[in-house]
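Peer 1: Sequence and computational prediction follow.
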Amino acid sequence: MSRKLRLLIVEDESHLAAGLKLNFSLEDYEVDIAETGREAARLLASPTRYAAIILDVMLPDLDGFALCRRLRSAGNYTPVIMLTARDSSEDRVEGLEAGADDYLVKPFHLDELLARVRSQIRRADWDQRRGGPSSDHEVIRFGRAVIDMSTLEAQVAGQAVHLTRLEFDLIRYLAMNAGRVVSRKELLEKVWKLRNYPNTRTVDNFIARLRRHFEPEAAKPIHFVSVRGAGYKFVPDANDA
Ligand code: CA
């Protein structure tokens with residue numbers, strides 16, 4: 001019985017895909033390659049379990065963003081490391097919005113990709129082990145929401161809510177700063193790790209998503225409150241607003 005971890009590499013440049021396969025095999029991974037988005041979707045629909053997916057953005061058919069979005073909306077939370085040819089903040093943001101866990105710009109150093117894959121697998125492994133003896137149970141509660149940051153599970157009135165890693169990170173940052181107004185710029189720097197990024201709309205899009213999940217009435221937010229001209233304020237207890 002093989003206990004090797006299996007990776008899926010989605011990359012249409014055959015020589016690059018073959019090189020990655022060779023190197024990951026030497027690191028003791030099993031590797032499948034898909035050269036199109038469609039082939040990747042087929043493999044991902046099969047019972048094969050992947051420890052991580054290395055996903056090129058530019059594919060001949062379905063692009064990597066669309067594939068990642070599709071995966072997440074189907075409830076598949078396998079770690080995704082995206083590869084892109086362009087070092088643009090727009091791509092990074094789009095990748096993270098699509099639900100990718102990490103992001104690497106081509107050309108990259110193989111060692112860095114290996115390290116990132118390892119770290120994503122380790123993190124996913126921790127996330128699965130609920131409340132082991134050494135895990136610190138960080139639970140954020142507000143309204144009817146219960147968000148367990150150690151298991152990355154969220155519920156509203158007992159119903160599970162699926163969030164991306166970035167949505168968890170955003171909630172955590174807002175909760176750490178509850179009651180204080182945080183600017184979009186600060187959120188981009190602290191949560192998205194983007195400096196001097198001009199498009200603050202991406203923050204608004206994410207706040208809108210959190211409101212849809214967690215506000216009793218998304219149009220009348222009481223927890224994720226807008227402060228005009230300043231940013232957002234997280235208010236755990238609506239009575240304190
Ligand atoms: Ca490509």
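Peer 2: Noted; the coordinates are in hand. Predicted, not measured: the structure shown is a model, and the values here were computed from it. Numbering: from 1, shown residues only.
Peer 1: and Ser88, how far is that from the ion?
Peer 2: Ser88 is 15 Å from the ion, where distance means Cβ to the ion, to the nearest Å. C-beta: built from backbone N, CA, C; applies to glycine.
Peer 1: Counting neighbours, what do you get for that residue?
Peer 2: 11 (other Cβ atoms under 10 Å).
Peer 1: per-residue confidence at it?
Peer 2: At Ser88, the model reports a pLDDT of 76.
Peer 1: Would you list the phi and psi of it?
Peer 2: Main-chain torsions, Ser88, degrees, to the nearest 10: phi -120, psi 140.
Peer 1: and if you look at the one 10 residues further on?
Peer 2: Comment: the main-chain dihedrals of Ala98 come out as phi -70, psi -10, following degrees, to the nearest 10.
Peer 1: okay, it: pLDDT?
Peer 2: 84.
Peer 1: That one reaches Asp63, doesn't it?
Peer 2: No: at 9.5 Å, Ala98 does not count as touching Asp63 under the criterion of Cβ atoms under 8 Å.
Peer 1: Give me the more crowded residue out of those two.
Peer 2: Taking neighbours as other Cβ under 10 Å, Ala98 and Asp63 compare with Ala98 leading, 22 against 17.
Peer 1: residues contacting the more buried one?
Peer 2: Applying Cβ atoms under 8 Å, 6 or more residues apart in numbering to Ala98 gives the contacts Gly64, Phe65, Ala66, Cys68, Arg69, Arg72.
Peer 1: what's next to the helix or strand harbouring the fifth one, contact-wise?
Peer 2: Read that as Arg69. Following DSSP states H and E, the helix or strand that holds Arg69 is helix 64-73. Outside of helix 64-73, the residues within contact range by Cβ under 8 Å, 6+ apart are 10, 37, 40-41, 44, 53, 55-59, 62, 78, 80, 82-84, 94-95, 98-100, 162, 164.
Peer 1: so what's Ala160 up against?
Peer 2: When the contact criterion is Cβ under 8 Å, 6+ apart, the partners of Ala160 are Glu153, Ala154.
Peer 1: partner residues bridging it?
Peer 2: Gln155 (DSSP bridges).
Peer 1: how about the residues of this protein near the ion?
Peer 2: For the chain, the residues in contact with the ion (Cβ under 5 Å from the ion) are Asp12, Asp56, Met58.
Peer 1: separation between the closest residue to Gly95 other than its chain neighbours and Leu152?
Peer 2: Spatially, and ignoring its direct neighbours in sequence, Gly95 is nearest to Met82 (4.4 Å; Cβ to Cβ, 6 or more residues apart in numbering). For Met82, the distance to Leu152 (Cβ to Cβ, to the nearest Å) stands at 19 Å.
Peer 1: Can you tell me which helices and strands the helix or strand of the chain with the lowest mean pLDDT packs against?
Peer 2: Here the helix or strand of the chain ranked lowest by mean pLDDT, DSSP states H and E is helix 89-97, holding a mean of 80. In terms of contacts (3 or more Cβ pairs under 8 Å, 6 or more residues apart in numbering; DSSP states H and E), helix 89-97 is packed against helix 64-73, strand 80-84, strand 102-105, helix 201-214.
Peer 1: Would you mind giving the domain segments of the chain?
Peer 2: The chain breaks down by automatic domain parsing into domains covering 6-129, 139-240.
Peer 1: just to revisit the earlier point, of Met82 and Leu152, which one has the most company?
Peer 2: Remark: of Met82 and Leu152, Met82 carries more neighbours, 27 against 20, as counted by other Cβ under 10 Å.
Peer 1: What residues does that one make contact with?
Peer 2: Met82 neighbours (Cβ under 8 Å, 6+ apart): Leu55, Asp56, Val57, Gly64, Cys68, Gly95, Ala100, Asp102, Tyr103, Leu104.
Peer 1: repeat for Asp102
Peer 2: Asp102 neighbours (Cβ under 8 Å, 6+ apart): Pro79, Val80, Ile81, Met82, Arg116, Ser119, Gln120.
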